[in-house]
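Q: Just need the structure, nothing else, for what follows:
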Amino acid sequence: MPIDRRDFVGRVAAGALVAGLPLPVDASIRVFDRARAPSAEEWDLSWVNRLTGRYRAIFDVPEIDSGYGVWRASIWGKQYQEVLGAKPNELSAVLVLRHTGIQLAMQQAYWDSYAIGKEKKVLHPVTQQGTDRNPALLASSRNEVPAMFDDVALDRFIARGGIVLACNLALQDVVEAIQKKENATESDARKRAIAFLVPGVILQPSGVFAALHAQDAGCKYIRAS
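A: Predicted coordinates for the structure are as follows:
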C-alpha cells in the first residue's frame, strides 16, 4: 500500500522523533568498464568496524522519495529506545544511497548547478510542493523545515556517527550530468562528482555490495524508500 506522505510527516512530528537519537540496493545495471573506480585495495571498508551493539540495521534508499528514506534511518533508533528500552550504544544504522537515491548524497551546490530538483521532479517532504533543495539536507536555520526535523537531516545523521554509503555505479549518473553540461572528460567529471558528495559519505563499489556487506556484519535489511 502506498504511504500517505502527509500522514507520514504528521506521525514523525507527533512522535517528537529528534529527542535522544542514537549514534546511529543498486543503480541500473551498466557496462562495468564505464564505472571508473578505485582498485579493490582502495575501497574504504573500515565502516564495518563501527557497527556495534545488539541492534543493527541497513536502510536501503534507491529513490529520492522526498528524503524520507534518510529520515527513517534516524527515526528507528528513537522508537527502539522508547519501545524496547534500547540504549544509544546498542544501536547501529547503515544508510545506503543507490540508484536515483544517489542524488541525496550530493551537496546542495550540485543540486543548484544541475537543476536536480526540477529534473527529478522532487517534492518537499513537508509541503509536498516542488523543490530545488536536496530534501535530505533541509534545515530550520534556512527556513526550509520546522526545527523538529533538523536532526533527521543527512549531515546531522553523519555527525552523530551514522554510516552513509554511496553506490559507485549510480555515481556514474552524476558523472554524466557533469560531462554533459561542462563538456568535461570522464576523469575530470568523476573528480568533480566525488567532490560534490556530502562530507562523510563513503563511496562503495555498488549499492548492492554495500547493502549485502552490511548484512554480512549483522545488520537487518529494510528498504527505506
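
Q: residue at max distance from the center of this structure?
A: When each C-alpha in the chain is compared with the mean C-alpha position (Cα atoms, centre = their mean), residue 183 comes out farthest, at 28.0 Å.

Q: what ranges do the helices span in this protein?
A: Assigned by DSSP state H, the helices in the chain fall at 5-14, 68-84, 108-113, 116-119, 154-159, 168-182, 186-196, 207-216.

Q: quick check: mean pLDDT across the first one?
A: The reference is to helix 5-14. Averaging pLDDT along helix 5-14 gives 55.

Q: ditto for the fourth one
A: The average pLDDT within helix 116-119 is 97.

Q: next one: the longest one
A: On average, the pLDDT along helix 68-84 is 95.

Q: That one packs against which elements?
A: Contacts defined by 3 or more Cβ pairs under 8 Å, 6 or more residues apart in numbering; DSSP states H and E place helix 68-84 against helix 5-14, strand 55-61, strand 91-97, helix 154-159. The C-beta positions use only the backbone N, C-alpha and C, and glycine is treated the same way.

Q: mind redoing it with 10 Å?
A: Contacts defined by 3 or more Cβ pairs under 10 Å, 6 or more residues apart in numbering; DSSP states H and E place helix 68-84 against helix 5-14, strand 55-61, strand 91-97, helix 154-159, strand 163-167, strand 220-223.

Q: List the buried residues in that helix.
A: Residues 68-78, 80-81 are the ones in helix 68-84 that count as buried (16 or more other Cβ atoms under 10 Å).

Q: how close does the residue nearest to residue 179 when sequence neighbours are not counted sit to residue 173?
A: Spatial nearest neighbour of residue 179, excluding adjacent residues (Cβ to Cβ, 6 or more residues apart in numbering): residue 189 at 4.4 Å. According to Cβ to Cβ, to the nearest Å, residue 189 and residue 173 sit 11 Å apart.

Q: How about residue 205?
A: For residue 205, the distance to residue 173 - Cβ to Cβ - is 16 Å.

Q: follow-up on the earlier one: please identify the deepest-packed of the helices and strands packed on helix 68-84.
A: Neighbour counts (mean count of other Cβ atoms under 10 Å) averaged over each of the helices and strands packed on helix 68-84 peak at strand 91-97, with a mean of 29.

Q: and the angle for that one with helix 207-216?
A: 170 degrees (axes from the mean of the first three to the mean of the last three Cα atoms, to 10 degrees).

Q: Name the strands paired with strand 91-97 and say parallel or antiparallel.
A: Strand 91-97 has the following strand partners under DSSP bridges: strand 55-61 (parallel), strand 163-167 (parallel).
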